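S.K.: Need the 3D shape of this:
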Amino acid sequence: MILVLSLTLLGMLAILTATTRFILLDSFADLEHRYMEKDVERALNALRSDLAVLDGTALDWAAWDDTYAFAASRDSRFAEANLSDDVFSYLRLNVMVFLDTEGKLILGKAYGLQPGRTASFLDSLLERLSQQPEFLQNDPAGAGAVVRVAQAPLLLVSRPITDNTRKAPARGSLLMGRLLDPAEVQRLGERLGLSLAIASADDPAAPPDIREAPARLASAGPILIAALNRSRIAGYALIPTGEDAPGLVLRVDGPRDIAAQGMRNILYLVASLLLIAVVFGIVVILYIEKTVLSRILALSRGVLALGSESEPGKRVSIEGRDQVAYLGAAVNGMLDALEKSTRRNEAFLDAIPDTIFRIDREGNIIDARSPTRLPLVEAADALVGKGAEEILLLYPFISPERLERSIEATTRALATGAPQSMEFEVEMEGTRRFFRERIVASGDNEAIALVRDVTASKQAEEAQRKEILLREIHHRVKNNLQVISSLLALQAGAASDPHTRSMLGESRDRVRSMALIHEKLYQTGAERGVTFAEYARDLAAHLRHSYAGDGGPVEIEIDVADLALDMDLSVPCGLIINELLSNALKHAFPDGRSGRIRLGMRRAEGATLVLSVSDDGIGFPQEIDLRAPRTLGLRIVNILAAQIRASLDLGPGPGTTITLTFPEA
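M.R.: Now for the predicted structure:
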């Protein structure tokens, strides 16, 4: 109990820990992702804000009369007076370009670049602008985006050059740009309180996670959150640059404080649960030991003492009113019930339909009991103490070989401990009787033998086996007849002469009627005969389908009593019905007439049966003699009627009625 209780507590603690870890860690991870997504959105919004501020600066410069005049005169004094390095530093600009209306360079100046890179940078910028004409279209709304110039990210805005009223025709475009170099990205991160990085995904010098970000963002969505390691997490977003190649990747990373706090909370919770489980387990175990285990031990000792003593009236002592006391009371109640059941066991043994023997290894009968006085043993008590030779003298119908087999089975049962069973038969008073013997070891040198008369069950099994065999014969005959029917159908289909096809079809129907008899015998059992009403309905349905189709104008009415006929009557009656129904369906309703055919069969007085087939068709031809016909079908009817000793009568019109009266047996 202590082991099971401990394992149960540990298992529950493990399940609770796993569940808590799963739920809380998922919650903390989800919270961590949401905070990181907000940080990425803040960084993107900050870039948009810087782009908007830069656009405002460009708007102020482009809509200035001095700039408008400079675009027309291209006077160098404008640049000397207004485009000093201090202006670029104050506005945090890295490039300023003046273009005419055709996109040609009027003036370009770069600031803060490495020495010698100004010309190449301006050339790269002009080439980049040729790929993005929206910066050169002089749209009053201007244009702004993050572009890559010479593989460097650049905040670039464009405004049309006009006068202070912003109504004069544009004389070109003013472009201002700010490089997103590491210093600018660091300044942006310090302003937001974030750790930022912006790099090109196709830059070999970029970190591996930034190079892999575009592919992962394609399936993850606009923002990707992924752990860099166990202590830091990062969020990624693409900054579009208007190029087909992967754009710029913005990465925001930070410490995993939320996940760490979640793990600490889980550890505190697990430690608390473990402490509670240990305290709870110790208290429960001590309580169980005092209130249950020690008392059960005392109860078990009392029960063992009862088993070793021979005082049937002695009982265990009972203390308290709890479940252990109830268990002691149940033990005492069981002992009372055992005393009462001893008498019932005697009556139970008397009700067993077996003769019971206690025998030793040599076959001597130690005890015997025969409540039902089987024919084999008239008085079992007379066999007590008898050996093999005395048993053979008392019962000469038992052969020595049979007794020797019983002794060998007893030896095997004592040696192996497995029950031994055998069956034997004897001739008693001119009748054969069957017995089943079962021998079970009941000690080292004793066995119990039970002998039962199974003559009735053997006879029932034999009758059932014969019935199954007979039904299988009917099944095989039915299958063979169906094969013959199929062969006749194939032959009819291959015949070119209509008369030949008709004759083969009629033969097939005759075979089908006999096969249907065997099918019914297989389904219902040969000993009960054929349920003729069901057989007649199936046969009539088959013939109606063969000659008139399921929707033909001729209806067949079945009025057959619930009769069970044997094979000697079922087969001839079925063939007679087949011939008479076939004739009626073929000849009684020419030219597609509608009508009704009635098939009836009933019991009459004097143990006779009356079978009739009638129709309301054109009537029986006068030139045909019913008792001496020339047609094969009616000749078959006369032959079968003679076989079952039936009288054949032709009734008056209208229509045709043919009646056969014959004995039932």
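S.K.: Show me how far stretch 238-250 is from its chain's centre.
M.R.: Between the mean C-alpha location of stretch 238-250 and the chain-wide mean there is a distance of 49 Å, by CA atoms, centre = their mean, to the nearest Å.
S.K.: Report pLDDT for the closest residue to Val95 other than its chain neighbours.
M.R.: If you skip the residues right next to it in sequence, Val95 has Gly177 as its closest partner in space, 4.2 Å away by CB to CB, 6 or more residues apart in numbering. Bear in mind the C-beta positions are built from the backbone N, C-alpha and C, glycine included. What the model reports as pLDDT for Gly177 is 92.
S.K.: Now Gly177: phi and psi?
M.R.: Backbone dihedrals for Gly177, given as degrees, to the nearest 10, come out at phi -140, psi 150.
S.K.: again, but for the one 3 residues further on
M.R.: Per-residue torsions, Leu180: phi -90, psi 60 (degrees, to the nearest 10).
S.K.: any idea how far Lys38 is from it?
M.R.: Spatial separation of Leu180 from Lys38 under the definition CB to CB, to the nearest Å is 21 Å.
S.K.: Mind jotting down where the helices sit in the stretch 501-650 of the chain?
M.R.: With DSSP state H, counting those that start in this stretch, the ranges of helices along the stretch 501-650 of the chain come out as 532-547, 567-587, 632-643.
S.K.: Would you mind giving these as a markdown table with distance to Pro240, mean neighbour count and mean pLDDT added?
M.R.: Below are the helices of the stretch 501-650 of the chain laid out as a markdown table (distance: least, CB to CB, whole Å; neighbours: other CB atoms under 10 Å; pLDDT from 0 to 100):
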| stretch | distance to Pro240 | mean neighbour count | mean pLDDT |
| --- | --- | --- | --- |
| helix 532-547 | 78 | 18 | 80 |
| helix 567-587 | 87 | 22 | 85 |
| helix 632-643 | 96 | 17 | 88 |
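S.K.: quick one, what contacts Asp55?
M.R.: With contact taken as CB atoms under 8 Å, 6 or more residues apart in numbering, Asp55 is in contact with 142, 144, 157, 159.
S.K.: Now for it, which secondary structure element holds it?
M.R.: Assigning secondary structure by DSSP states H and E places Asp55 in helix 2-62.
S.K.: hmm, back to that, so the residue nearest to Val95 bridges to which residues?
M.R.: Val95, Leu156 (DSSP bridges).
S.K.: coming back round to it: redo the helices of the stretch 501-650 of the chain as a markdown table? Include distance to Ile407.
M.R.: Compiled in a markdown table, the helices of the stretch 501-650 of the chain are given as follows (distance: least, CB to CB, whole Å):
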| stretch | distance to Ile407 |
| --- | --- |
| helix 532-547 | 58 |
| helix 567-587 | 51 |
| helix 632-643 | 62 |
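S.K.: Please name whichever of those is nearest to Val53.
M.R.: Proximity of the helices of the stretch 501-650 of the chain to Val53 was assessed by CB to CB; the nearest stretch is helix 532-547, lying at 94.5 Å.
S.K.: Give the other helices and strands that that closest one contacts.
M.R.: Packed against helix 532-547, as judged by 3 or more CB pairs under 8 Å, 6 or more residues apart in numbering; DSSP states H and E, are the following elements: helix 498-524, strand 554-560, helix 567-587, strand 595-604.
S.K.: one step back: need the next SSE after the helix holding Asp55, C-terminal direction.
M.R.: helix 65-73.
S.K.: which other helices and strands contact that following helix?
M.R.: Helices and strands in packing contact with helix 65-73 are listed as helix 76-82, strand 95-99, strand 105-110; criterion 3+ CB pairs under 8 Å, 6+ apart.
S.K.: Can you say which of these is packed in most?
M.R.: With neighbours defined by mean count of other CB atoms under 10 Å, none of the helices and strands packed on helix 65-73 is more surrounded on average than strand 95-99, at a mean of 23.
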